[in-house]
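Asker: let's see this in three dimensions:
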Amino acid sequence: MLQQCIQSLIYDLEKIEKYFDLAKAGHAFNFVMDVQPFTEKVDHHISLLNQYKDEITSLPLMNEKKYDLCIAHLRDISVSCFFGKTSKKVFIDQYKAVKHEVNYIKRMTVS
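Answerer: I've put the predicted structure just below:
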């Protein structure tokens, strides 16, 4: 089940990157039709992942502070990816940090 959560988050990250590229290219998103449903889906995936928080934070090179920061960044970029005025540098830094942590969790929890 943890692997399914991780896979969902990886898919969410791919969509976040796609939405960010579209927003930077000038695409305008509808909050009710695009932003809200996507962020609710990401929040649901985060809540599923939180069921494994103890297991994840006990991994080598992972702790509660890193985990919480990863989740905070994920929540932030799941919204900011829809807005063209989002700072590219801040977005990319947060995106890479989240992607790195999610891939690390995936590698370390393979059954």
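
Asker: helices along the chain, start to end?
Answerer: 2-24, 36-50, 53-57, 64-80, 88-108 (DSSP state H).

Asker: redo these as a markdown table? Include mean neighbour count and mean pLDDT.
Answerer: In this view, the C-beta of every residue, glycine as well, is placed from N, C-alpha and C. A markdown table is the format used below for the helices of the chain (neighbours: other C-beta atoms under 10 Å; pLDDT from 0 to 100):
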| stretch | mean neighbour count | mean pLDDT |
| --- | --- | --- |
| helix 2-24 | 17 | 97 |
| helix 36-50 | 15 | 98 |
| helix 53-57 | 15 | 97 |
| helix 64-80 | 17 | 98 |
| helix 88-108 | 16 | 97 |
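
Asker: switch those over to JSON lines; also include distance to Asn30.
Answerer: Output for the helices of the chain, formatted as JSON lines (distance: least, C-beta to C-beta, whole Å):
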{"stretch": "helix 2-24", "distance to Asn30": "12"}
{"stretch": "helix 36-50", "distance to Asn30": "9"}
{"stretch": "helix 53-57", "distance to Asn30": "33"}
{"stretch": "helix 64-80", "distance to Asn30": "14"}
{"stretch": "helix 88-108", "distance to Asn30": "20"}
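
Asker: quick one: contacts for Asn50?
Answerer: Ile71 (C-beta atoms under 8 Å, 6 or more residues apart in numbering).

Asker: what sits against the residue minimising distance to the centre of the chain?
Answerer: Centroid-nearest residue in the chain: Leu74, 3.5 Å away (criterion: C-alpha atoms, centre = their mean). Counting by C-beta under 8 Å, 6+ apart, Leu74 makes contact with Leu9, Asp12, Val42, Ile46, Val98.

Asker: mind doing that once more with 6 Å?
Answerer: By C-beta atoms under 6 Å, 6 or more residues apart in numbering, Leu74 lies in contact with Val98.

Asker: ok, now how distant is it from Asp54?
Answerer: Separation of Leu74 from Asp54 (C-beta to C-beta, to the nearest Å): 19 Å.

Asker: for Val42, same thing?
Answerer: Distance, Val42 to Asp54, using C-beta to C-beta: 22 Å.
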